[in-house]
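Asks: Next one to model:
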Amino acid sequence: MSIEKLTNKIEQLIDNQTEEKESLFERVASEYSQLQFYVNKNEDIPFVQNMRPRIKKISDYLEGGLHKSFKSGLVNNDKNSVTQCLRIFTTLGRVDQSEQLFADAIIAPIIEEIVSKENLRNRGLEGMYCQILDALPQATALVLSLTSPSKDNELRSFDFMGNATFPTIVSKICTKTPSLFAAGDPKQFQKSYKETKKFISGFEKQCQYKERVANLRQHPSYKNFIAKWSLPIYFQIRLQEIAGSFEHQLLSPFTYNSERDDDSVGDKHRDAKYELPVTEMLELCIRRCWDDDVILRPLTHRFFKLTLQLLRRYAVWMSDIPTSSEELVISDICKAVHDSYLLVDKVPSLVQNLTAGKVPQFNQEEIVSISCKDILERVPVLADYVINVVLKNCEKALEQTQAVPRLYRRTNREMPTEPLGYVAQLVGPLETEIYNSQLPEVVKHDWCSRTAQQLVSRYSETVSEILVSLRKTEDSLAMLKRGRKSAQAATTAPTFTDEDRIRAQLKLDVSALATKVPSLVQSLTDGKVPQFNQEEIVSISCKDILERVPVLADYVINVVLKNCEKALEQTQAVPRLYRRTNREMPTEPLGYVAQLVGPLETEIYNSQLPEVVKHDWCSRTAQQLVSRYSETVSEILVSLRKTEDSLAMLKRGRKSAQTATTAPTFTDEDRIRAQLKLDVSELATKFDAMNISKGEDFEKLQNLVAKR
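Replies: You can find the predicted model right below:
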């Protein structure tokens with residue numbers, strides 16, 4: 001059929017109008033649709049161009065009548081009329097026109113009446129949204145029932161909710177109430193945004209079908225409406241509010257600010273377990289990030305990042321504590337460490353609970369734990385700082401250690417029986433600043449141990465210097481004594497020298513320190529940290545003191561042996577007691593034996609040394625004493641043997657005829673040997689009385705004096 005014939009046919013249908021108006025429109029629309037097909041296919045032909053005015057007249061007639069009929073059907077709720085009009089719109093490919101007609105005729109008047117500044121002021125945003133949602137079901141019921149998106153519905157291409165209703169509502173809201181989108185008042189902005197999201201959720205429910213909801217969310221009006229809400233600006237305001245409160249507290253981290261009750265953060269979640277206000281503020285800021293009147297779902301990723309940034313800022317602050325310009329108090333640093341450990345235990349689960357239902361499920365707790373461990377990595381820096389400060393506070397007490405020799409030089413003071421007061425002062429800063437602090441027990445034990453080790457090391461160096469000085473002084477005095485006349489006899493009872501008193505005082509002080517340090521550290525962990533041998537660890541530090549004991553041992557043993565030299569000299573006088581004296585055969589040991597053992601018994605055996613040390617020093621002294629005594633006895637016996645050999649040669653030179661008729665008698669040599677045997681036996685008895693091991697040298701000595 002030609003274009004001209006179709007045009008004539010349509011014009012005749014319009015002119016006759018013998019049918020009902022809806023049926024006529026439908027027939028005209030069908031013929032017009034076919035006419036449009038041919039026109040579009042041959043639009044460049046001059047004939048078609050000449051037909052344009054006639055075709056436009058048909059289009060205007062059809063459009064005017066259809067629009068009027070559709071509006072009338074909508075207003076009168078005429079289902080048949082509306083259905084027929086929708087089919088005609090579908091046939092003509094003018095679905096969007098029908099949706100716009102619906103928006104202008106039905107939706108716009110309703111929204112125009114509801115959306116206004118006055119209504120917003122009187123009802124509030126939530127009330128205005130509720131009024132809109134309440135009015136929509138009646139206005140959209142007819143078109144929604146006719147345009148379900150089922151496959152067998154020829155009118156499924158219409159979407160009056162997404163393409164007509166929502167754009168109209170959004171347009172009116174943006175035009176009449178633009179103040180809704182201002183983020184200057186974050187509290188009101190957040191409330192308005194949440195109420196808007198609630199309204200959108202309610203609107204989507206009225207769309208009835210998932211396909212319609214999906215189409216709504218892709219509509220430009222929907223995206224533009226969401227974009228109107230300046231969420232980045234809102235977050236920046238909240239960032240300045242929350243982070244600013246924390247930074248302000250960091251200016252005075254150890255004292256509470258006057259703006260403590262500022263509503264920007266609030267203190268309804270104040271936790272009394274924290275020791276520092278800055279830590280308390282950190283938790284309040286983290287909680288604030290996730291408060292219902294702050295958080296917005298599209299910004300959860302930013303607030304989660306802010307949470308991690310707050311933890312990071314706290315870690316940086318801890319690193320900066322030792323370099324802070326303000327005067328630091330050790331107790332404040334210990335409180336910071338206490339809080340950091342509490343944070344690591346508490347914050348991961350806290351964030352997990354705060355974000356539950358607000359962010360997509362992922363392992364938030366593990367991520368926050370990593371950030372919290374970054375805080376603990378700053379603790380070693382603080383540990384070094386605190387330990388150095390404590391050791392510096394101990395320096396005065398260490399200086400008093402160097403003054404110990406002056407207390408006894410040329411003073412004739414009594415032998416010391418108690419440690420000096422500087423020992424308590426030496427341990428005092430450690431006990432006050434660390435042991436009595438609020439550090440976690442594990443950290444407290446570690447810091448006490450490390451401080452004690454360094455303290456003992458410095459104290460050992462000081463004591464070693466004093467002992468070296470004492471040794472030099474004693475050597476000098478010994479040289480002076482040897483320069484005196486050898487014939488001078490020492491008849492006075494042995495007395496303690498100044499050096500003995502100094503050494504005794506140091507011994508008492510070292511013992512007191514060795515008692516204080518292990519007990520101090522051990523008391524921290526009894527029943528609390530069974531994973532390792534705390535006492536053994538601390539004892540390692542104290543053994544550094546005991547390593548100085550061998551030096552003292554060598555000195556004491558040498559002094560005792562020196563005091564025994566006079567008795568050893570008396571041993572050499574034994575032969576003179578029996579040469580040409582006709583004395584009786586000896587039956588008792590000589591007195592020099594008691595003098596030989598006397599210094600050992602007085603200075604070591606009867607001292608207050610620990611039993612193990614006492615036994616060791618007695619044994620070592622006895623061995624050297626026996627060795628020297630053996631040398632002296634051996635020299636005497638060698639001399640006796642030479643004398644006996646000479647006498648034997650003289651006797652053989654006498655007349656061989658002379659007969660010895662007299663009874664055999666003991667010679668001087670026999671008496672000397674018998675005396676030495678008695679003396680050695682007495683020495684063995686004394687050693688046995690003191691439970692001293694005599695050793696192999698003494699057994700050789702006994703065999704030596706037993707031989708003829």
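Asks: show me the contacts for Ile286.
Replies: Listed by C-beta atoms under 8 Å, 6 or more residues apart in numbering, the contact partners of Ile286 are 307, 310-311, 347, 350-351, 354. C-beta here means a position set from N, CA and C on the backbone, and glycine is covered the same way.
Asks: please redo it, this time with the cut-off set to 10 Å
Replies: Going by C-beta atoms under 10 Å, 6 or more residues apart in numbering, Ile286 touches 242, 246, 269, 303, 306-308, 310-311, 343, 347, 350-351, 354, 368.
Asks: got it, and Ala135?
Replies: 107, 110-111, 113-114.
Asks: now Ser148: how far from Arg156?
Replies: Applying C-beta to C-beta, to the nearest Å, the value for Ser148 to Arg156 is 7 Å.
Asks: Can you check which residues contact both of the two?
Replies: With C-beta under 10 Å, 6+ apart, Ser148 and Arg156 have common neighbours 209, 211.
Asks: Show me which of the contacts of Ile286 is closest to Val423.
Replies: Comparing the contacts of Ile286 against Val423 with C-beta to C-beta places Leu343 closest, at 38.2 Å.
Asks: My guess is the closest one contacts Val379. True?
Replies: No: counting by C-beta atoms under 10 Å, Leu343 sits too far from Val379 to count as a contact (11.7 Å).
Asks: Which one's more surrounded, those two?
Replies: Set Leu343 next to Val379 and count neighbours by other C-beta atoms under 10 Å: Leu343 wins out with 23 against 20.
Asks: so the more buried one is in which element?
Replies: helix 330-355 (DSSP states H and E).
Asks: That helix - contacts with which helices or strands?
Replies: When contacts are defined as 3 or more C-beta pairs under 10 Å, 6 or more residues apart in numbering; DSSP states H and E, helix 330-355 sits against helix 277-289, helix 300-320, helix 364-376, helix 379-393, helix 441-482.
Asks: Going by mean pLDDT, which of these comes out lowest?
Replies: Of all the helices and strands packed on helix 330-355, the minimum mean pLDDT falls on helix 364-376 (a mean of 80).
Asks: Which other helices and strands does that helix contact?
Replies: Secondary-structure packing of helix 364-376 (3+ C-beta pairs under 10 Å, 6+ apart): helix 300-320, helix 330-355.
Asks: quick one, which of those helices is packed in tightest?
Replies: Looking across the helices and strands packed on helix 364-376 with neighbours counted as mean count of other C-beta atoms under 10 Å, the highest average goes to helix 330-355: a mean of 20.
Asks: Could you figure out how far that one is turned away from helix 379-393?
Replies: 160 degrees (axes from the mean of the first three to the mean of the last three C-alpha atoms, to 10 degrees).
Asks: rewinding a little: Serialize the helices and strands packed on helix 364-376 to TSV and add fields for distance to Gln438.
Replies: Shown next, in TSV, are the helices and strands packed on helix 364-376 (distance: least, C-beta to C-beta, whole Å):
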stretch	distance to Gln438
helix 300-320	16
helix 330-355	5
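Asks: Quick one: closest of these to Ala182.
Replies: helix 300-320 (19.9 Å).
Asks: for that closest one, packing partners?
Replies: Using 3+ C-beta pairs under 10 Å, 6+ apart: helix 300-320 touches helix 231-250, helix 277-289, helix 330-355, helix 364-376, helix 379-393.
Asks: just to revisit the earlier point, so of the contacts of Ala135, which ones are in helices?
Replies: Judged by DSSP state H, these include 110-111, 113-114 as members of helices.
Asks: So, low pLDDT: which residues of the stretch 501-650 of the chain?
Replies: Residue ranges of the stretch 501-650 of the chain with pLDDT under 70: 518-548.
Asks: the strands in it, which residues?
Replies: Remark: no strands are assigned in the stretch 501-650 of the chain by DSSP state E, counting those that start in this stretch.
Asks: Can you classify Gln131 by secondary structure?
Replies: With DSSP: H, G, I helix; E, B strand; the rest coil as the basis, Gln131 sits in helix.
Asks: what's around the residue lying closest to it once chain neighbours are set aside, how many residues?
Replies: Spatial nearest neighbour of Gln131, excluding adjacent residues (C-beta to C-beta, 6 or more residues apart in numbering): Ile114 at 5.0 Å. Ile114 has 22 neighbours, counted by other C-beta under 10 Å.
Asks: dump the residue contacts of Ile114.
Replies: 120, 123, 127-132, 134-135, 169, 172-173, 176 are the contacts of Ile114 under C-beta under 10 Å, 6+ apart.
Asks: Reformat those residues as a markdown table; add pLDDT and distance to Ser469.
Replies: Output for these, formatted as a markdown table (pLDDT from 0 to 100; distance: C-beta to C-beta, whole Å):
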| residue | pLDDT | distance to Ser469 |
| --- | --- | --- |
| Leu120 | 91 | 93 |
| Arg123 | 91 | 95 |
| Gly127 | 95 | 94 |
| Met128 | 95 | 95 |
| Tyr129 | 95 | 93 |
| Cys130 | 95 | 95 |
| Gln131 | 94 | 99 |
| Ile132 | 95 | 98 |
| Asp134 | 94 | 101 |
| Ala135 | 94 | 103 |
| Ile169 | 95 | 98 |
| Lys172 | 94 | 99 |
| Ile173 | 94 | 94 |
| Lys176 | 91 | 97 |
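Asks: List buried members of those residues by neighbour count.
Replies: Applying 16 or more other C-beta atoms under 10 Å to the contacts of Ile114, the neighbour count classes 120, 128-132, 169, 172-173, 176 as buried.
Asks: Tell me which two of those residues sit farthest apart.
Replies: Longest span within the buried ones among the contacts of Ile114, C-beta to C-beta: Cys130 and Lys176, 17.2 Å.
Asks: ok, Pro599 - how many residues close by?
Replies: For Pro599, using other C-beta under 10 Å, the count is 22.
Asks: Correction: the previous question concerned Leu276.
Replies: Leu276, neighbours per other C-beta under 10 Å, totals 19.
Asks: what's the answer for Lys516, then?
Replies: Residues within reach of Lys516, counting by other C-beta under 10 Å, total 19.
Asks: do the same with Leu470
Replies: Number of residues near Leu470 (other C-beta under 10 Å) recorded here: 21.
Asks: The closest residue to it other than its chain neighbours: which element?
Replies: What sits nearest to Leu470 in space, not counting adjacent residues and going by C-beta to C-beta, 6+ apart, is Glu499, at 5.0 Å. Per DSSP H and E: Glu499 is located in helix 498-525.
Asks: do Asp152 as well
Replies: Using DSSP H and E, Asp152 falls outside every helix and strand.
Asks: What backbone torsions are found at it?
Replies: phi -90, psi 0 (degrees, to the nearest 10).
Asks: gap between it and Ile88?
Replies: In terms of C-beta to C-beta, Asp152 sits 20 Å off from Ile88.
Asks: Ser192 now?
Replies: Counting by C-beta to C-beta, the gap from Ser192 to Ile88 is 42 Å.
Asks: same check, this time on Leu508
Replies: 117 Å.
Asks: now the helices for the stretch 151-300 of the chain?
Replies: Using DSSP state H, counting those that start in this stretch, the helices of the stretch 151-300 of the chain run over residues 160, 166-176, 186-206, 210-218, 220-227, 231-250, 277-289, 300-320.
Asks: possible to save these as JSON lines with distance to Val613?
Replies: Listed next are those as JSON lines, based on distance: least, C-beta to C-beta, whole Å:
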{"stretch": "helix 160", "distance to Val613": "104"}
{"stretch": "helix 166-176", "distance to Val613": "94"}
{"stretch": "helix 186-206", "distance to Val613": "76"}
{"stretch": "helix 210-218", "distance to Val613": "89"}
{"stretch": "helix 220-227", "distance to Val613": "86"}
{"stretch": "helix 231-250", "distance to Val613": "56"}
{"stretch": "helix 277-289", "distance to Val613": "51"}
{"stretch": "helix 300-320", "distance to Val613": "47"}
